[in-house]
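structure, please.
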Amino acid sequence: MKILVAIKRVLDPAIAVQVKEDESGVDISNEKKSINPFDEIAVEAAVQLKESGVAEEVVVVSAGTLETELSLRDAMAMGADRAILVKTCRPLRALSVAKILQFLCKREKPALVLCGKQSIDSDQSQVPQMLAGMNHWPQVLFASSLEINQNTIVVSSEVETGIEIFEMSLPAVVSVDLRLNEPRYLTLMNIMKAKNKPVEIIESDELGLDLKDRIKQLKVSPAQDRKPGVVLNNVSELINILKTKPEKDQ
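Residues are numbered from 1 along each chain as shown. Model prediction:
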């Protein structure tokens, strides 16, 4: 059984982002980058499945510039066997990423595709759903546990009203949540081993896919400072504020 894990290289979550002066986007030119935290959880889940004997191979894939290889190496230091980098300098929207993953699914023929539930930069949570729809595969989102039994997978997903449990046939797409696991720390020995693992680099233009950006970003503005909270003495004061204060100020 082969597992394909999609990862994205994003700004390190500890970094405070800055908007460019011309408000055309976020300045990420000189900031520290790392694997999207939710994608790290997907890699850990795939590696655990391999360690338990369920999976035979874990392949991590990503699209981006050559520096994205650094994140792929980190994923292989966690335990992935090999990596595929679709090289491109253009920014990719969710649909373009899903098309690239569909291409790789046709070529690699994985039994399971694991993704983080969303990337922390765009926070759109669209790629897993799009990929499942394009492949006509079953999907479960926001997985908090998963178990594979031969040709089926049982996935638990936490929702507002409780926990939903799904059983579906493979191949399938699953996006994972923070509750699934805690990614392992990278050891120096595994980092050195990852340097010798194969990374295949494919030029995006060679895929024959329409990756044209159909969304025009008009402007990016920094978030407004939040007003300090107010401590109320009782419910009556809260009701009075809700009745008298303009909605925009609440």
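
now residue 182. Nearest residue, chain neighbours left out?
Of all residues not flanking residue 182 in the chain, residue 44 sits nearest, at 7.5 Å (C-beta to C-beta, 6 or more residues apart in numbering). C-beta here means a position set from N, CA and C on the backbone, and glycine is covered the same way.

grab the longest strand from the chain for me.
Counting residues, the longest strand found in the chain (DSSP state E) is strand 139-149.

export whichever strand or helix holds the residue nearest to residue 182 as CSV, just CAs?
Using DSSP states H and E, residue 44 sits in helix 37-51. What follows is helix 37-51, C-alpha atoms only, in CSV (Å, rounded to 0.1, in the frame of the first residue of the first chain):
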residue,chain,number,x,y,z
PRO,A,37,1.7,22.4,10.8
PHE,A,38,-1.4,20.4,9.7
ASP,A,39,0.6,18.8,6.9
GLU,A,40,3.2,17.7,9.5
ILE,A,41,0.4,15.8,11.2
ALA,A,42,-0.5,14.1,7.9
VAL,A,43,3.2,13.1,7.4
GLU,A,44,3.3,11.7,10.9
ALA,A,45,0.1,9.7,10.4
ALA,A,46,1.5,8.2,7.2
VAL,A,47,4.8,7.3,8.8
GLN,A,48,3.0,5.6,11.7
LEU,A,49,1.0,3.5,9.3
LYS,A,50,4.2,2.4,7.6
GLU,A,51,5.8,1.6,10.9
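
what's the average pLDDT for it?
For helix 37-51, mean pLDDT rounds to 95.

list the buried residues in that helix.
Buried residues in helix 37-51, counted by 16 or more other C-beta atoms under 10 Å: 38-50.

perfect, I'm done here.
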